[in-house]
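**Student:** could you look at this predicted model? Sequence included:
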Amino acid sequence: MNEFLILIHRDLKSKDASPSPEQMKEAIKPFQDWVGGIAAQNKLVGPPKRWDLDGRVVKKNDVVTNGPYSEIKESVGGLLLVRAESYDEAVEIAKGCPIIQWGATVEVRMAIQAV
Amino acid sequence: MEDQTLLPHLFRTEYRNIVSVLCYLFGIQHIEIAEDLVSDTFLSATELWSLQGVPDNPRAWLYAVAKNKTKNYLKRNSLFENRLSKEITYSADKSEEMEIDLSEKNIADSQLAMIFTICNPCNAPEAQIALALNLLCGFGGQEIADAFLTNKEVIYKRINRAKEKLKEANIKIEQPTVAEINDRLETVLKTLYLLFSEGYYSTSQDTPLRKDLCSEAMRLTILLIENKATNKPAANALLALMCFHASRFEARTNEKGEAILYEDQDQTLWNKELIETGKAYLNRASTGDELTKYHLEAGIAYWHTQKEDTAEKWENILSLYNSLLILEYSPIAALNRTFALSKAHGKKVAILEAEKLKLTDNPFYFSLLGNLYSELDNEKAIQHFETALRLTNSAGDKLTLTKNIQRLKEAKAVNNKPA
């Protein structure tokens, strides 16, 4: 088994970045069901955390700016660690991410095993 | 109470009280002396009461005799000089005066100290449970053997080995400190949870015995809740869980001791009082920021006390199973989660998720698949039920599976009949 990082990028700048409470409610349940389904296969590495939208960005010469990193269009909206045999399997898991249909991009990365 | 039932009843309730107090006094190294003195007390009661009749206050009689026997033993024996004199300044009069405190408070304190000693992780969970049943609940070797579906010799060996381990590790019998409670309460709750489950899910057909195990687990959990230091949200959540499960005890087996599935249970047999008590404890558990698996399981059990299938019920159960699995994976939670998914979002969605679980050596996996495929594809459903039947050892499950296969085959025969 390998460990994979599933990184959910979303556009935090546009108007869609702050969904209404109804939209949130509508989105959270499928998200929980998706994570629950991964956990039910015993493929979840540790409980996922929820991340705020506040954020700080640190650059060279101690430059610190407020807000999550958003110079590229999409910032990190969430991340989880899963177990999978291969990229194919990890991608199958990632495809289930319900936020994709709201425009999120999901990046999948495999952890390099310690030698 | 009849004389014939009085003594066994007192044995069940008082043996553990006196043993706890004496163990608390003597320390772990002399646990057998405490047991011998109490057994001897009950032996005297058996002999004298049958000749002279039962005394007016049998409990006070037992306590007085246990105290005397203990004092005599201490006077006669080097135990007092060698071991206890280091802690209690020795003098001939002192041993006469030494207080063997059988007050309600000291009994509760002693039992609490004993719970923390017995639920020490130096012993495996099954050894902890056997020891707890023996010393904290006053169960005999035969009863424990019946509960575990094994023989007395195995249980005696298990108990003695567990005692030796506690002695080797020199575990103290004392009131747990705040730091110890935080560290160790989890192990204690786990043992009580397993003790309850042993009674609730045991394949033993002995229903009264199974009820006793459950009520003992509840009594010990209440003991934790009655003590300010151990009255933690997790303990309240565990008790709520036990109350909700126990509320269905009368409804879940027939007079032959065979299991009745949740769907087929007579709801009027559910104990409403226990359900209400469970709700009260669940409310008390909802403080602080710790969300334990007992909170989640109690939540799931709470929703099961509502018999009617509503969308709200199954969405909530599904959410709680999601959280439970994220906290701690177990195959049975994965299967139950998938069942809840089928109730909330339909069988087709659940089949897709079920087939990802790949628990191919687990009979419940195939009986779940059998249930999900029933009515959608009866041919496949029958195949899954047959696989489950091959994998299971439980007579009750075999019966249920055979009935399911029969029912589907009959449905097929009816459908195939020419119109």
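**Tutor:** Alright, I've got the coordinates. Numbering: from 1, shown residues only, chains lettered A, B, ... in the order given.

**Student:** what parts of chain A come near chain B?
**Tutor:** Within chain A, the positions adjacent to chain B are A:29, A:32-33, A:35-37, A:39-42, A:44, A:47-48 by C-beta under 8 Å from any C-beta of the partner chain. All C-beta atoms are positioned from the backbone trio N, CA, C, and that covers glycine.

**Student:** identify the residue spatially nearest to the residue in chain A positioned nearest to chain B, adjacent ones excluded.
**Tutor:** Nearest residue of chain A to chain B: A:Gly36, at 2.8 Å (C-beta to the nearest C-beta). Leaving aside its sequence neighbours, A:Gly36 sits nearest to B:Asn322 (C-beta to C-beta, 6 or more residues apart in numbering or on different chains; 2.8 Å).

**Student:** what comes up buried for the helix or strand where that neighbour lies?
**Tutor:** In this assignment (DSSP states H and E), B:Asn322 forms part of helix B:311-327. Neighbour-count burial for helix B:311-327, counted by 16 or more other C-beta atoms under 10 Å in any protein chain shown, picks out B:313-326.

**Student:** out of these, which is nearest to B:Asn120?
**Tutor:** Nearest to B:Asn120 among those is B:Leu324, at 26.8 Å by C-beta to C-beta.

**Student:** check the gap between the nearest residue in space to that closest one that is not next to it in sequence and B:Phe196 for me.
**Tutor:** Once flanking residues are discounted, B:Leu324 sits nearest to B:Leu296: 4.4 Å by C-beta to C-beta, 6+ apart. B:Leu296 sits at a distance of 16 Å from B:Phe196 (criterion: C-beta to C-beta, to the nearest Å).

**Student:** what residues does the helix or strand harbouring B:Ala280 touch?
**Tutor:** Using DSSP H and E, the element containing B:Ala280 is helix B:272-285. Applying C-beta atoms under 8 Å, 6 or more residues apart in numbering or on different chains, the contact partners of helix B:272-285 are B:225, B:233-234, B:236-237, B:239-244, B:246-247, B:294-295, B:298-299, B:301-302, B:305.

**Student:** picking up where we left off before, moving C-terminal of the helix holding B:Asn322, what's the next helix or strand?
**Tutor:** Downstream of helix B:311-327, the first helix or strand assigned by DSSP H and E is helix B:331-345.

**Student:** if we can go back for a sec, might one say that the residue of chain A closest to chain B is in contact with B:Arg337?
**Tutor:** Yes - counting by C-beta atoms under 8 Å, A:Gly36 touches B:Arg337, with 6.3 Å between them.

**Student:** any residues in contact with both of these two?
**Tutor:** With C-beta under 8 Å, 6+ apart as the test, A:Gly36 and B:Arg337 both reach B:318, B:321-322, B:325.

**Student:** quick one: distance of the helix holding B:Ala280 to the chain centre.
**Tutor:** What separates the centre of helix B:272-285 from the centre of its chain is 18 Å, taken as C-alpha atoms, centre = their mean, to the nearest Å.

**Student:** what does chain B have sitting close to chain A?
**Tutor:** B:315, B:318-319, B:321-323, B:325-327, B:329, B:333-334, B:337-338, B:341, B:345, B:353, B:356-358.

**Student:** what's the spacing between the closest residue to chain A within the stretch 151-300 of chain B and B:Ser323?
**Tutor:** Nearest residue of the stretch 151-300 of chain B to chain A, counting by C-beta to the nearest C-beta: B:Leu291, 10.4 Å away. B:Leu291 sits at a distance of 8 Å from B:Ser323 (criterion: C-beta to C-beta).

**Student:** contacting residues around the residue in chain B that chain A sits nearest to?
**Tutor:** When scored by C-beta to the nearest C-beta, chain B has B:Asn322 as its residue closest to chain A, at 2.8 Å. Applying C-beta under 8 Å, 6+ apart to B:Asn322 gives the contacts A:32-33, A:35-36, A:39, B:337.

**Student:** could I get the residues you listed as JSON lines with secondary structure, neighbour count and pLDDT?
**Tutor:** What follows is those, written out as JSON lines (DSSP: H, G, I helix; E, B strand; the rest coil; neighbours: other C-beta atoms under 10 Å in any protein chain shown; pLDDT from 0 to 100):
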{"residue": "A:Gln32", "secondary structure": "helix", "neighbour count": "17", "pLDDT": "92"}
{"residue": "A:Asp33", "secondary structure": "helix", "neighbour count": "21", "pLDDT": "95"}
{"residue": "A:Val35", "secondary structure": "helix", "neighbour count": "23", "pLDDT": "96"}
{"residue": "A:Gly36", "secondary structure": "helix", "neighbour count": "25", "pLDDT": "96"}
{"residue": "A:Ala39", "secondary structure": "helix", "neighbour count": "25", "pLDDT": "97"}
{"residue": "B:Arg337", "secondary structure": "helix", "neighbour count": "27", "pLDDT": "97"}
